[in-house]
Structures are given as C-alpha cells and as structure tokens.
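Chemist: Build me a model from this:
(one chain, ligands or ions: 1)
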Amino acid sequence: MKLWGGRFTKPTNQLVDEYASSIHFDKKLAKHDITGSLAHVRMLKKCGIVPDSDADKIVEGLQTVAAKIEKGEAELSEEHEDIHMNVEKLLIDEVGPVGGKLHTGRSRNDQVALDMRLYLREVVLELIQLLTDVQKSVHKQAEANLDTILPGYTHLQRAQPVLFAHHMLAYLFMFQRDVERLTDSLKRINKMPLGAGALAGTTFPIDREYVAEELQFDGICENSLDAVSDRDFVVEFLSDASIIAMHLSRLCEEMVQWSSAEFNFIELDDAFCTGSSMMPQKKNPDVAELVRGKTGRVYGNLTGMLTTLKGLPLAYNKDMQEDKEGMFDTAETLRGALALFAPMIETMHVKKTEMYEAVRQDYSNATDLADYLTDKGMTFRESHEAVGNIVLHCLNQKKYLLDLSLDEFRSFSNVIEEDIFEALSPEAVVNARQAPGGTAKQSVKEQLENAAGLLKKNDAWCEENSI
Ligand code: ARG
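Modeler: Numbering: from 1, shown residues only. All right, here's what the predicted structure looks like:
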C-alpha cells in the first residue's frame, strides 16, 4: 500500500512504478534525507507540534534506519517510489505508526530541495579541495620549470617562446577562478527550503530558522513557491562544473599533443597511461583523453537540466525529478577527473632539452628582431616588413635567424649590430617580456608567489568550511 494511497481505488500500474520511481538513483541522498528529517523532527518537538516522547522515538528510529541503509541492510523498494517515502516507510516499520508524525508540516517538494542542497554543499566543498590539490601539483611543475623554455603557440603555430612555468601557471589561474565560482555559488546553495511545504507554506507553527541553524545553512529561502521550484543552484553547479571540465579538457588536449612523438615535450608517467591490445610499442595517454572526452557528458548534463526547466510553470512539477542523475553524474565525473589530475601532473616528466630545441628550430624570435629594429628607429610597420623579408630569406636558405651572419643581417638593414645574436637568444627573448603578467623569469616568479598565496587562501578556506 502506498503512503499516499488513501484516495486511490486501485494500485499503480507496475510499469508506472518502474517508470516513475527514482529510488534507484536518489538513494544517493539517503544520508542527506535523514539528516534533514532529524533536524525537522527536532524542530517539531521544540515547537510543541509533536510530543517530546514521540519525537524522541522518531529520532532514534531515523538513526536506526540510517545505520541499516549504510550497512545495506534496508530494503529500498520501487513501490515506495523515492528515497523520501522509502525512509518514511522504513521508519514506520521501525517505530510503528508514530513514525507517521515525521512528515507533519512538510512535503516531499521542500524535502527534495533540501536534500539536494545538502548534497551539493558537500560536493562543492570537496571539489574546491580537489581543485586546490590540482593547483598545487601545477604549482610544483611551474616551480621546477622556471628555466624551461618552450615555444608558445597561436593558431597551433609556433609564435613566441615562453617559460613552461608561465604556461603551467596559466592553468593555475583558470582553476583559481573555478574555485572562486564554486565558493561564490555556496551563497545561493546554502539556503534552507524546508517549511515551504508543497508550495504555499504550512499551517503549523514551525521554526524555519531553527532548522536552518541545525543544518548550518546561512538562512532560509524567502518565498515558498521559489523554494520548491528553484533549481537554479543545480544549473549553476552544472555550469561551474562545465567550465571546470572545459579547463581540464584544454590541459588534457595539450598533454595528449605534448606526449606525441611529433611534439615530444613531455612523458606521462606509466601509472597514468595504458597500452594497446595489439601494438606492443604503444603507450597511450588514456586518462587525459578520457577526461577530455567526459567533458561531453558534463556539458550534456547542463544542457539537459536547462532544457528540463525551461517552460515549467510554478511550482513543483514531476519533470523536476530529472534534476538528480545529471547532478550526480557531473559530481562523480569531476571528482574522478580531479583526483587523477593532481598525481598525473605531478609525475609528468618535462623534456626540457626537447622543448628548448623546438624553440631554437623556429622563428619565434622574429617579433624580437622587429622590436630590435623598432628600437633603432624604424617604425614597427617598417620593421615588420623587413623581418618578413629576412624570414623569407631564411626559409629559402633553410636557416633560422640565429644561423645568419652579421653581414647577412646587415644586407637587410644596416642598423643591425653584433648585439643582435644575444638579443635573439631564447633566454633574452623570454626575459625581455618583463611587464607584469609577461613570461620573463622575474615576472613568472612573481606569479608563482601570488599563486602560492592563493593556494594558502584556498587551504584556509577549506579548513574553515569543512563539514
Ligand atoms: N522524487 C521526487 C523528486 O525528486 C520528490 C518530490 C515528489 N513530489 C511529488 N509531489 N510528487 O522530484
């Protein structure tokens, strides 16, 4: 018999039970559901809505149910549709009809909103910690590569040399914005919806603030219709997650490229690669590829949620049950990716010599030659033209700029002097970019220090906000 069976004259079609029940996925919310129910019943007791002795029995019963679910001893059934009604049914089995008092002044509509907020709050804190760990391994690689020069690219064509530390730090700052977005989202996630009832509030003299405090929320949702209809916080999480996945995916793409024979810039540790069933020589960057690939499902979950919500009238609609699987999937996908990422980056072998060779064998110091000519009085446009001609000459001669003799240089412009060779060396080219944010070693050192400060701040935040 269904807990809501009173007004029905026949049982639900079995196909409906199968189709509409959510227990096979929302059982993940069991812990949060019971945490919420414990706070709710304590409030009912405090407000004198449920007698003390009944409330105490319910508390004890809920704790037993929690332990049984945790140990896998509780039977969760499709007949009881979702985690909320399964828990209530288990409670009533445990403590008898008094368990039926738990749902006083509450609806599954505000209950499910509460469970999801409790769940996401935990996930967001965990992801912030995991992101910080990734940032730490990126920071270590940056520190170890303050003298490693590689070609920087635009259009995937060698453009100007940069320090590998600089390149790594670019990702660290992206991940910092991800951390900040997640931190900020907590302001909106951490609001307590219980008390909204099904949609209009409740006739019982409840104390919402008390429940909010018990559950460490920052405050209550102010409007009951909004409280049960709002899934913005899920959409926001999914979009923050999509940005994180996009950042990870870009770094993955670089790792895949860099570890190819064509680039030969890094070697990923054996522990983070796999082999081929057929080709004995293969070592594939599977983890990086898979993280890149899973970006698709993370984006898909965002698009799915936005589409489900679009056009839904207030307040609760069953469509909203579709809010959970994508959220769980995204949380688990990111958790897995981030946990792998930190050690994968930390153990990545950086091929400094090969990177340096790639810089020497290209024209990525051409801008510096143009800057040199500009310094000597030519307009930048004239310099650009002259250097274009020099590069063309080099290409015809199969030479790089540093292979030219002074006479060859001077045949293009007599303002060029002996100091050109020093000015075009990879180190000089890198270190000439001293303005803040540039790739000069001094500037990158400053970035490293600032980044270390951010990591400390993140750690302190995590410590303060752990639950
Ligand atoms: N399982 C439902 C969900 O996740 C819980 C809320 C159901 N409320 C209702 N009135 N059918 O959306």
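
Chemist: Let me know whether residue 341 touches residue 292 as I believe.
Modeler: No: assessed by CB atoms under 8 Å, residue 341 is found out of contact with residue 292, at 11.7 Å. C-betas here are computed from N, CA, C, even on glycine.

Chemist: These two: which has the busier surroundings?
Modeler: Legend: neighbour count by other CB atoms under 10 Å for residue 341 and residue 292, higher for residue 341 (25 against 21).

Chemist: Which is the succeeding secondary structure element to the host helix or strand of residue 225?
Modeler: Per DSSP states H and E, residue 225 falls inside helix 224-229. For helix 224-229, the following helix or strand on the C-terminal side (DSSP H and E) is helix 232-258.

Chemist: where's residue 40 relative to the ligand, distance?
Modeler: Remark: distance between residue 40 and the ligand (CB to the nearest ligand atom, to the nearest Å) = 15 Å.

Chemist: So which bits of the top helix by length along the chain are buried?
Modeler: In the chain, taking DSSP state H as the definition, the longest helix is helix 108-144. Buried positions in helix 108-144, judged by neighbour count with 16 or more other CB atoms under 10 Å: 108-121, 123-139, 141-142.

Chemist: give me the subset of these touching the ligand.
Modeler: The subset of the buried residues of helix 108-144 within reach of the ligand, by CB under 6 Å from any ligand atom, is 108-109, 112.

Chemist: in the chain, what spans have low per-residue confidence?
Modeler: 467 (pLDDT under 70).

Chemist: how about the strands in it?
Modeler: Here the chain has its strands, by DSSP state E, at 149-154, 157-163, 191-192, 219-220, 266-267, 349-350.

Chemist: quick one on the thing from earlier: what is in contact with residue 341 and residue 292 at once?
Modeler: Common neighbours of residue 341 and residue 292, using CB atoms under 8 Å, 6 or more residues apart in numbering, are residue 248.

Chemist: For the stretch 201-350 of the chain, what lies in contact range of the ligand?
Modeler: Checking the stretch 201-350 of the chain against the ligand by CB under 6 Å from any ligand atom, the hits are 316, 318, 320-321.

Chemist: Whichever of these end up buried, select them in PyMOL.
Modeler: Those of those that count as buried under 16+ other CB under 10 Å are selected in PyMOL with:
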select buried, resi 316+320+321
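
Chemist: Can you tell me which of the residues of the stretch 201-350 of the chain next to the ligand is nearest residue 421?
Modeler: Checking these against residue 421 by CB to CB gives residue 320 as the nearest, at 68.4 Å.

Chemist: The closest one touches residue 305, doesn't it?
Modeler: No: here residue 320 does not reach residue 305: they are 9.8 Å apart, not a contact under CB under 8 Å.

Chemist: Find residues that contact each of the two.
Modeler: residue 231.

Chemist: What is the neighbour count of whatever residue of the stretch 151-300 of the chain ends up closest to the ligand?
Modeler: Residue of the stretch 151-300 of the chain nearest the ligand, by CB to the nearest ligand atom: residue 198 (6.8 Å). Look at residue 198: counted by other CB under 10 Å, it has 15 neighbours.

Chemist: Now it: closest residue in space, sequence neighbours ignored.
Modeler: With sequence-adjacent residues excluded and distances taken as CB to CB, 6 or more residues apart in numbering, residue 198 is closest to residue 107, at 3.9 Å.
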